Each structure stands twice: as C-alpha cells, then as structure tokens.
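Enquirer: this one's structure only:
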C-alpha cells in the first residue's frame with residue numbers, strides 16, 4: 001500500500017472561527033460548563049483549514065461543477081480527474097449553469113459535478129436543513145426548530 005496524492009476540497013476556517021470566538025466572548029453563546037471556554041477558544045484560535053472531501057460512493061456530493069465547452073472535452077478531462085479545470089460552486093446544477101455563463105464561459109457550457117462527497121461532520125450540518133422543510137423558511141417546522149437555541153454535544157467532538 002502506498003499513499004496517493006489527490007486534489008481535495010478545503011474550507012477556509014479562520015473567517016468562520018473569528019465570529020464564533022467573538023460570540024462566546026460577548027456572551028451571545030454560552031458554553032456549559034464555563035471551563036470549556038478555554039478549550040473552545042484555544043481550538044478556534046489555532047484552527048486549521050478543513051479538508052471536507054471524501055472519496056466515497058455515498059453521501060452529499062460536493063456542490064461544485066467543472067466547466068467544459070463540450071461533452072467530449074469533459075470526458076477527456078475526467079481522465080485527469082478534472083485537475084486544474086475551472087469550476088463553479090452552486091446550490092444546484094441550474095445555478096451552476098448560470099454562474100458559468102456569467103463568467104463568460106458561453107452558452108455551450110457543459111458541466112460535470114464533482115464526484116467527491118462531503119465528510120461526515122460537514123454533511124451532518126445539513127441535517128437541520130434536510131429535516132425541517134428548507135429551503136421553505138416559512139414552513140412551520142423550520143420556524144420552530146431552526147435555528148436551535150441549545151445544542152448538546154460530547155466534549156470529545
């Protein structure tokens with residue numbers, strides 16, 4: 001068995017960590033017991049970017065589409081794993097087409113969605129949306145259960 005380098009998707013975490021740190025410092029979020037604030041702060045002050053891609057055949061696919069001029073070009077690009085190809089990130093394929101066209105890729109855009117899936121922790125954040133009627137923000141369940149006012153988790157997570 002040998003390691004194989006491959007392209008991965010990462011989320012830049014510092015822009016997400018800073019408001020989270022501020023929310024605890026200003027009292028908008030309360031950690032119980034309070035002694036965990038030190039651990040929380042240390043973790044977020046030293047946060048690293050998060051590799052969210054997994055090469056599995058199940059899960060939520062990463063919402064990125066590689067942009068090609070034709071199906072033939074896309075098939076050739078798949079041989080190299082789409083390395084170095086321009087891409088768009090969107091909520092769905094229709095939005096991806098619009099973004100690709102706005103970037104000047106032309107009307108003959110052919111898109112191929114990334115095959116990697118989101119890692120378990122990242123996709124678990126989709127749970128509230130998947131279960132309460134999102135994107136319908138007016139649904140009764142969405143209004144009642146999201147956002148939550150309390151979240152409980154193990155200290156080791």
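Expert: Received, thanks. Because the structure is a prediction, the values reported are computed rather than measured.
Enquirer: The helix or strand residue 76 falls within: which residues count as buried?
Expert: Assigned by DSSP states H and E, residue 76 falls within helix 71-78. By 16 or more other CB atoms under 10 Å, the buried positions in helix 71-78 come out as 74, 77. To be clear about C-beta, it is placed using only N, CA and C from the backbone, and glycine gets the same treatment.
Enquirer: helices and strands around that helix, which ones?
Expert: The contact analysis (3 or more CB pairs under 8 Å, 6 or more residues apart in numbering; DSSP states H and E) places helix 71-78 against strand 64-68, strand 110-113.
Enquirer: wait, which of those strands is closest to residue 57?
Expert: Among the helices and strands packed on helix 71-78, the nearest to residue 57 by CB to CB is strand 110-113 (14.0 Å).
Enquirer: That closest one: partners in the sheet, and parallel or antiparallel?
Expert: strand 64-68 (antiparallel) (DSSP bridges).
Enquirer: how close does the nearest residue to residue 44 once chain neighbours are set aside sit to residue 40?
Expert: Leaving aside its chain neighbours, residue 44 sits nearest to residue 17 (4.2 Å; criterion: CB to CB, 6 or more residues apart in numbering). Distance of residue 17 to residue 40, given as CB to CB, to the nearest Å: 10 Å.
Enquirer: Who has more neighbours out of these two?
Expert: Using other CB atoms under 10 Å, the more surrounded residue of residue 17 and residue 40 is residue 17, with 17 against 14.
Enquirer: Could I get the phi/psi values of the more buried one?
Expert: When read as degrees, to the nearest 10, the backbone of residue 17 gives phi -70, psi -40.
Enquirer: For it, list the residues it contacts.
Expert: Residues near residue 17 by CB atoms under 8 Å, 6 or more residues apart in numbering: 44, 45, 47.
Enquirer: now for the stretch of helix or strand the first one belongs to, which elements pack on it?
Expert: The one in question is residue 44. Assessed by DSSP H and E, residue 44 sits inside helix 36-45. Packing partners of helix 36-45 (3+ CB pairs under 8 Å, 6+ apart): helix 14-25.
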